[in-house]
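> Sequence and predicted structure are below.
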Amino acid sequence: MKHTYQIKGMTCNGCVAGVEEKLNKINGINNAKANLEKGEVSIDSETLFSVQAIQNALPDKYTITEKETPNIKTMNVSEEKSKWQQLKPLFLILFYIAVASNLIKYKEWNINDVMLNYMGLFYIVFSFFKFLDLKGFPDSFKMYDPIAKRIAIYGWIYPFLETILGLMFLFTYQIDIALLITIIVLGATTFGVVKTLLDKKSIKCACLGTALNLPMTEATFIENTIMLIMAFAMFFV
């Protein structure tokens, strides 16, 4: 028989693998499958296990509860509101970065300086969020980034690369190189995100998910589009 439970505490694919490994070791469970996006774990077993029995098999960071079955119409409305509520912190961060970019040199304002400041602050701020969950980030990143899928170490060095690029823009050091790297790196990520959106998949990344709980496909597309427009404008104009 199959039974589905709600689970809280999973933030990345590493968590998913850990939960499945622990539960599949329980005698009587034929197969346990965790879903990061839905926050669920489905168990195929010979007998029905109690919530407490499943909870005892998992580390304390995870919380298991019985799955509720809300009205479908209500659930859809709630999910729609939740997505836009989750994106609100992203827009706030982008707004504050834009304001700070304009204020840094407000007495000698020009558009090129503003864009350089914006790109530098953007990289520094978002590398910070990735460092909050550096261990879980690579597993989630490779789910949509084509480079990370092929080169495992790329996901580990990506937050450091963002920090370096941020400093290059803020200190106006080798700007052409920084812009070219930005176009290549964010172009590849955006390609992967667009493909994910076309496949109607929704991915939450540990780099932002643990702190902001953002729907990663929409968030990444918005972030990358802004940065790519600026990079192309400065590199080719």
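Looks like it came in fine.
> Give me the phi and psi for Q174.
Dihedral pair for Q174: phi 50, psi 60, per degrees, to the nearest 10.
> Count the neighbours of it for me.
By other CB atoms under 10 Å, the residues close to Q174 number 12. All C-beta spots, glycine's among them, are computed from the backbone N, C-alpha and C.
> can you pull the contacts of S127?
By CB atoms under 8 Å, 6 or more residues apart in numbering, the residues touching S127 are P159, F160, E162, T163, G166.
> pretty sure the fourth one is in contact with I124, am I right?
Yes. T163 lies in contact with I124 (CB atoms under 8 Å); the separation is 6.6 Å.
> one step back: if any of the contacts of S127 are buried, give me the ChimeraX selection for them.
To isolate the buried ones among the contacts of S127 in ChimeraX, judged by 16 or more other CB atoms under 10 Å, type:
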select :159,162,163,166
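> Just the contacts of S127: which are in helices?
P159, F160, E162, T163, G166 (DSSP state H).
> what helix or strand is the closest residue to the third one other than its chain neighbours on?
Just to be clear, that refers to E162. In space, E162 comes closest to S127 once its chain neighbours are excluded; the distance is 3.8 Å by CB to CB, 6 or more residues apart in numbering. For S127, the host element (DSSP states H and E) is helix 111-132.
> can you pull the buried residues of that helix?
114-127, 129-130, 132.
> Next: stretch 40-60.
Buried-residue list, stretch 40-60, by 16+ other CB under 10 Å: V41, I43, S45, F49, I54, Q55, A57, L58.
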